[in-house]
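1. sequence? don't have it. structure:
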Ligand SMILES: C=CC1=C(C)c2cc3[nH]c(cc4nc(cc5[nH]c(cc1n2)c(C)c5CCC(=O)O)C(CCC(=O)O)=C4C)c(C)c3C=C
Ligand SMILES: [Fe+2]
């Protein structure tokens, strides 16, 4: 971390913006306390002047809470996702960075900056500035710890939950290591792409000297609804996606399939969740030549209404046993049959993915676009992995997709209040 970045100093920020200087003072002071062996992490609290400077209290998702926001909270329109690798050798540096990130997240999710933009003409601005004056846009920041964080570098090996196992090789994998893994992940979601990007960019700056970005992915157009208040969006194949997703309102299902409970071998994960991300390229040009009836056979749903092929309306029950002339109406290898809980020992996922496009593949001239699949769950070993093993084996969709990136991270419970940070009890 650049010392300059923590010294707001005198000058142009002046009395117009005292709150921003206070914030950084708090973060830097806390960093010092930790480095000196202290246990607390002082995070600047909103002052009266800060509250006055803050945008209206609308379009805000609370940052502090039992669970991290960005999991069961309504999916926003945009994603900026990044995986980081730790470069520091001292575990206290990791703690300081997480504390600094938590303090920054509490500011950003209120629509504030991580520090002053106008510090001094002779220093770089502390906040990069591109979100100045923008609404919080329902920003959520969700942080996870990858299996590699628990190797022998930081003395955390005994604290790795069994559920945080690396994802094994799965059928059909064509993964690029440069788009996979990472000691940490940060998922920033917002209804404004600039707000989401700003969060990741400033996290990367605050991480300087402690962690570096390993890979990142921007997403547009949520491909799941995570609340009954939301319409079901469409993915880049033109199908409604998220119809049978777990929703925010399904509290029993959240407890059964998403939140880590007493069953965990690592108490620090109670109230948390595990996220699996997969960058899935769609072979869009090929898909676009496919007949409508075949596209519908692939998913087992009608393209326009989203209804199952056994029904009329989007939310009609999927009748997997229905047959016509001795043949199943929903193909034996249709995506919704293979992904259904009935085919997977009753297991479900909370899907929260985004469409992406990254220009064209220089080798072929074909679009590099698809789904950045994100799913939260209680245990990837019994949820994502077996479901994807089944899909990767015989899903009709496989003709049109390639999995090109992968990662799994443990998302600890929410940050409880100022002074707390992600996984504080893990490091305690
Ligand atoms: C391993 C898990 C899954 C991967 C990978 C995956 C990729 C993928 N999915 C779609 C589009 C749709 N998926 C739909 C349903 C659905 N998909 C999964 C899991 C994975 N999908 C589940 C668990 C379900 C729900 C099954 C059920 O309970 O009925 C649907 C149907 C609408 C819906 O319910 O959301 C679509 C459409 C794409 C395009 C894709 C990879 C690019
Ligand atoms: Fe799916």
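-> The structure has been received and is ready for your questions. What you see is a predicted model, and the numbers here were worked out from it, not measured in a lab. Ligands and ions are numbered 1, 2, ... in the order given.
2. Assign the most centrally placed residue in the chain to helix, strand or coil.
-> Centroid-nearest residue in the chain: residue 187, 3.4 Å away (criterion: Cα atoms, centre = their mean). Three-state assignment for residue 187 (DSSP: H, G, I helix; E, B strand; the rest coil): strand.
3. shouldn't it be in contact with residue 196?
-> No - using Cβ atoms under 8 Å, residue 187 is not in contact with residue 196; the gap is 9.3 Å. Any C-beta I mention is one placed from the backbone N, CA and C, and that applies to glycine too.
4. Identify the contacts common to those two.
-> Shared contacts of residue 187 and residue 196, defined by Cβ atoms under 8 Å, 6 or more residues apart in numbering, comprise residue 79.
5. measure the residue lying closest to the residue nearest to the centre of the chain once chain neighbours are set aside to residue 395 for me?
-> Spatially, and ignoring its direct neighbours in sequence, residue 187 is nearest to residue 142 (4.3 Å; Cβ to Cβ, 6 or more residues apart in numbering). Separation of residue 142 from residue 395 (Cβ to Cβ, to the nearest Å): 28 Å.
6. Which of the two has more residues huddled nearby?
-> Higher neighbour count among residue 142 and residue 395: residue 142, with 26 against 23, using other Cβ atoms under 10 Å.
7. Surely that one is within a strand?
-> Yes - under three-state DSSP, residue 142 sits within a strand.
8. Give the rounded mean pLDDT of stretch 198-212.
-> Averaging pLDDT along stretch 198-212 yields 98.
9. likewise stretch 141-150?
-> 98.
10. who touches the spatially closest residue to residue 331 that is not a sequence neighbour in this structure?
-> Leaving aside its sequence neighbours, residue 331 sits nearest to residue 297 (Cβ to Cβ, 6+ apart; 5.3 Å). Residues in contact with residue 297 (Cβ under 8 Å, 6+ apart) are 309, 331, 334, 396.
11. 7 Å instead, please
-> For residue 297, the contacting residues are 331, 334, 396, by Cβ atoms under 7 Å, 6 or more residues apart in numbering.
12. need the residues of this structure near ligand 1, please.
-> Counting by Cβ under 6 Å from any ligand atom, the positions of the chain adjacent to ligand 1 are 235, 237, 239-245, 278, 280, 282, 299, 301, 318, 335-336, 339-341, 349, 370-371, 373, 384, 387-388, 391, 401.
13. and whichever residue of the stretch 151-300 of the chain sits closest to ligand 1, how many neighbours?
-> Proximity of the stretch 151-300 of the chain to ligand 1 (Cβ to the nearest ligand atom) peaks at residue 244, 3.4 Å away. Neighbourhood size, residue 244 [other Cβ under 10 Å]: 19.
14. pLDDT value on it, please?
-> Confidence score, pLDDT, at residue 244: 96.
15. Report the distance from the helix or strand that contains residue 105 to the chain centre.
-> Taking DSSP states H and E as the definition, residue 105 sits inside helix 91-108. When distances are taken as Cα atoms, centre = their mean, to the nearest Å, helix 91-108 is centred 17 Å away from the chain's centroid.
16. Output the contacting helices and strands for it.
-> Other elements packing on helix 91-108 under the criterion 3 or more Cβ pairs under 7 Å, 6 or more residues apart in numbering; DSSP states H and E are helix 18-35, strand 140-145, helix 193-206.
17. pLDDT score assigned to the residue nearest to residue 331?
-> Confidence score, pLDDT, at residue 297: 98.
18. That one - that's part of a helix, no?
-> Yes - counting by three-state DSSP, residue 297 is located in a helix.
19. Could you shift the numbering so residue one becomes 22, and keep it that way?
-> OK, 22 is where the count begins now, so the last one is residue 318.
20. gap between it and residue 312?
-> Distance from residue 318 to residue 312, by Cβ to Cβ: 9 Å.
21. about what we covered before: in terms of contact, does the residue nearest to the centre of the chain touch residue 89 like I think?
-> No - with contact defined as Cβ atoms under 7 Å, residue 208 does not count as touching residue 89 (9.2 Å).
22. hang on, the earlier thing: mind checking which of the residues of the chain next to ligand 1 are in helices?
-> Among those, the residues falling in helices (DSSP state H) are 320, 356, 357, 360, 405, 408, 409, 412.
23. For stretch 377-393, give the mean pLDDT please.
-> Stretch 377-393 comes out at a mean pLDDT of 96.
24. what about the stretch 172-321 of the chain, any weak spots by pLDDT?
-> For the stretch 172-321 of the chain, no stretch is flagged by pLDDT under 70.
25. re the thing from before, most neighbours among the contacts of residue 318, which one is it?
-> Result: residue 355 is most packed of these (other Cβ under 10 Å), 25 neighbours.
26. Contacts only, for that one.
-> With Cβ under 7 Å, 6+ apart, residue 355 has these contacts: 318, 319, 320, 321, 417.
27. What sits closest to the fourth one if chain neighbours are left out?
-> Meaning residue 321. Nearest one to residue 321, counting by Cβ to Cβ, 6+ apart, is residue 355 at 3.4 Å.
28. Quick check: the one you found vs residue 369, distance?
-> 18 Å.
29. Likewise for residue 183?
-> Residue 183 is 21 Å from residue 369, by Cβ to Cβ.
30. re the thing from before, run the angle between the helix holding residue 126 and strand 161-166 for me.
-> Relative orientation of helix 112-129 and strand 161-166, computed by axes from the mean of the first three to the mean of the last three Cα atoms, to 10 degrees: 170 degrees.
31. buried ones in helix 112-129?
-> Across helix 112-129, burial judged by 16 or more other Cβ atoms under 10 Å covers 113-129.
32. Show me the strands in the protein, by range?
-> For the chain, the strands defined by DSSP state E cover 99-107, 161-166, 205-211, 232-243, 294-303, 344-345, 348-349, 371-372, 375-381, 388-398, 422-432.
33. who does the fifth one pair up with?
-> Each strand that strand 294-303 pairs with, and the sense of that pairing, follows from DSSP bridges: strand 388-398 (antiparallel), strand 422-432 (antiparallel).
34. mean confidence for the last one?
-> Summarised as a single mean, pLDDT over strand 422-432 is 98.
35. how much does that strand deviate in direction from strand 205-211?
-> Using the same axes, to 10 degrees: strand 422-432 against strand 205-211 is 100 degrees.
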